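Colleague: mind folding the following:
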Amino acid sequence: LNWERSEVVTLPLPTQPVRVVDADTGRPAVQQVTDVDGGQLLFRAEGVPSVGYRVYRLEPVAAWPQSPAPRRLTGEVTIEAGDFRMVLSPEAGGIRSLQDRDGHEWVDPAAYRLGQLIDERCSVEPWGGRVTGRTASRGGSITSAAGPLFGWAEMPVELAELGTATLRATWSPFRPALDIELRIDKQACTQPQTIFMAFPFDIPNPRFRYELPLAMAEANADQLPNGCRDWYAVQHVVDVSNDQLGMTWFTRDAFLVEFADMQTNRWHRDLPLTSSAIFANLMNNLWFTNYKLDQSGPVSFRFSLRPHRGDYVRADALRFGFEQANPLLTAAVSADQPGVLPGASGSLLSVSGPATVVLAIKAPEAGTGTVIRLFDLAGESADRVVSLARTVRRANLCNLVEEDLRDLPAAGTRLTVPLTANGVATVRLDVE
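Modeller: You can find the predicted model right below:
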């Protein structure tokens, strides 16, 4: 992504103990060893440049730093989870309370628990099956551990005819968000079934904005009459908020969602926003053509939650989504790896001006040069200044199919690109 980032990153656990050192500054990075997913080395990468890299050395040491030992806990458990205080309830198989540092409660106490699963059954009636029953999950004993970079808590989840399942929450003191992951080994079920995951936020007078490809839309307000309001297909992000506070919700794997309640087969003409809950429609077999009758086997669903104060800001919501969908990547290479990097850190390009994301850096569909594509996140028409690592010989503004429209002004390694509000700009470059 085209902005500087500092994040906790992971490597498979090396066979010998090492410490992680910034190759530019010589400072050791904050690191942690965990046995999650077969063993991982975590460290905080700081100041990774826009569309760039930062080099860290792995230096041998005598022993790994002591890892936090997991604790097995019984009953309801309160955990300090980075920027949050979280109460996990085995009775309900989910999070009963989630408070931020200001003590604000984000979970509606009258609703399902956050992360709780609901098995909804309905009658077999094309385009109008009636709900015949709902069963909510329960949990088991909780296991938790926390270190300087990373903490986690998990519990087994029980739901009749679901199969085996585990709910895990993870957090970092360096990140103002909470991650939730559900892992299921699903049993086969050929009766009409929908599995929901509840996110019952407590936000009065909510408005739901959801991400579409290169757009954000608002439920009800931006929909045509008689458009579907039972469920929504989202790209990655939903922001539910009022003018004082809100929650940005990110999904990596479950893109069918329902707002305010479980709405399947209600066929609303106008969606009643009676609550601020989001229900992730994880899986269902209600369709009548071209759809698998059962969805058995192992699968995982991952989500991230980021509360915010103040009204919804489009650029902030989209930027959070891009960051979660595109985490920093790590690669361990040997010291004698062929090739030479220009330095201990470097950037291919950066963009200044209102919030913008680089969607693509690619070879052109025809001809020579390099194509870059910019997308406005801020909803603001303004010129963007693109700075590159090489001198620009020529730049052309193109349409989406990469046909040249006009020359763009370029000076040295910089060029100016006009970008309309919520728009996309495509540029063809020739560089030295």
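Colleague: and the next helix or strand past the one helix or strand E258 maps to?
Modeller: For E258, the host element (DSSP states H and E) is strand 256-259. Toward the C-terminus, strand 256-259 is succeeded by strand 278-284 as the next helix or strand (DSSP H and E).
Colleague: how much does the helix or strand following that next one deviate in direction from strand 278-284?
Modeller: Using DSSP H and E, the helix or strand that directly follows strand 278-284 along the chain is strand 297-309. Interaxial angle, strand 297-309 versus strand 278-284 (axes from the mean of the first three to the mean of the last three CA atoms, to 10 degrees): 170 degrees.
Colleague: and strand 297-309, what does it pack onto?
Modeller: On a contact count with 3 or more CB pairs under 8 Å, 6 or more residues apart in numbering; DSSP states H and E, strand 297-309 meets strand 178-186, strand 193-199, strand 245-251, strand 278-284, helix 314-325. Every residue, glycine included, has its C-beta placed from N, CA and C.
Colleague: could you rerun that using 6 Å?
Modeller: Applying 3 or more CB pairs under 6 Å, 6 or more residues apart in numbering; DSSP states H and E, we find strand 297-309 packed against strand 178-186, strand 245-251.
Colleague: buried set for that strand?
Modeller: Residues of strand 297-309 classed as buried: V299, F301, R302, F303, S304, L305, R306, P307, H308 (neighbour count, 16 or more other CB atoms under 10 Å).
Colleague: how about stretch 40-53?
Modeller: Buried residues in stretch 40-53 (16+ other CB under 10 Å): 40-46, 48-53.
Colleague: what angle sits between the lowest-mean-pLDDT helix or strand in the chain and strand 193-199?
Modeller: Least confident helix or strand, the chain: strand 131-136 with a mean of 89, by mean pLDDT, DSSP states H and E. Put simply, strand 131-136 runs at 50 degrees to strand 193-199, going by the same axes, to 10 degrees.
Colleague: residues in contact with strand 131-136?
Modeller: Q116, I118, D119, E120, R121, C122, S123, A160 (CB atoms under 6 Å, 6 or more residues apart in numbering).
Colleague: same check, this time on stretch 18-36
Modeller: Contact with stretch 18-36 is made by 40-44, 55-61, 64, 67, 147-150, 344-345, as judged by CB under 6 Å, 6+ apart.
Colleague: pull out the buried residues from it.
Modeller: Neighbour counts over stretch 18-36 (16+ other CB under 10 Å) mark V18, R19, V20, V21, D22, A29, V30, Q31, Q32, V33, T34, V36 as buried.
Colleague: measure the residue most central in space within the chain to R27 for me?
Modeller: By CA atoms, centre = their mean, the chain has its centre lying nearest to Q324, at 3.5 Å. Distance, Q324 to R27, using CB to CB, to the nearest Å: 27 Å.
Colleague: re the thing from before, for the least confident helix or strand of the chain, which strands pair with it and how are they oriented?
Modeller: Here strand 131-136 is paired, per DSSP bridges, with strand 117-122 (antiparallel).
Colleague: from the middle of its chain, how far away would the strand it pairs with be?
Modeller: Computed by CA atoms, centre = their mean, to the nearest Å, the chain-centroid distance of strand 117-122 equals 25 Å.
Colleague: tell me the mean pLDDT for it?
Modeller: Per-residue pLDDT values over strand 117-122 give a mean of 92.
Colleague: and stretch 66-74, by the same measure?
Modeller: Average pLDDT, stretch 66-74: 89.
Colleague: next: stretch 224-243.
Modeller: Mean pLDDT, stretch 224-243: 95.
Colleague: sketch out the low-pLDDT regions of the stretch 151-300 of the chain for me.
Modeller: 288-289 (pLDDT under 70).
Colleague: the stretch 1-150 of the chain now?
Modeller: Within the stretch 1-150 of the chain, the segments meeting pLDDT under 70 span 124-129.
Colleague: which residue sits closest to A45 in space, ignoring its chain neighbours?
Modeller: Sequence neighbours aside, V9 is the residue nearest to A45 in space, at 5.0 Å (criterion: CB to CB, 6 or more residues apart in numbering).
Colleague: pretty sure that neighbour sits against A332.
Modeller: No - contact criterion CB atoms under 6 Å: V9 and A332 do not qualify, at 11.4 Å.
Colleague: neighbour count: the two, which is higher?
Modeller: V9 (21 against 12; other CB atoms under 10 Å).
Colleague: what secondary structure does that one sit in?
Modeller: strand (DSSP: H, G, I helix; E, B strand; the rest coil).
Colleague: ok, what's across the strand from it?
Modeller: Here V9, judged by DSSP bridges, has bridge partners F43.
Colleague: please list only the buried members of the contacts of stretch 18-36.
Modeller: Buried subset of the contacts of stretch 18-36 (neighbour count, 16+ other CB under 10 Å): 40-44, 56, 58, 64, 147-150, 345.
Colleague: same list, these, but as TSV with secondary structure and distance to A277 please.
Modeller: Shown next, in TSV, are these (DSSP: H, G, I helix; E, B strand; the rest coil; distance: CB to CB, whole Å):
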residue	secondary structure	distance to A277
Q40	strand	33
L41	strand	38
L42	strand	33
F43	strand	37
R44	strand	34
Y56	strand	42
L58	strand	45
W64	coil	43
G147	coil	33
P148	coil	34
L149	coil	32
F150	coil	29
S345	strand	43
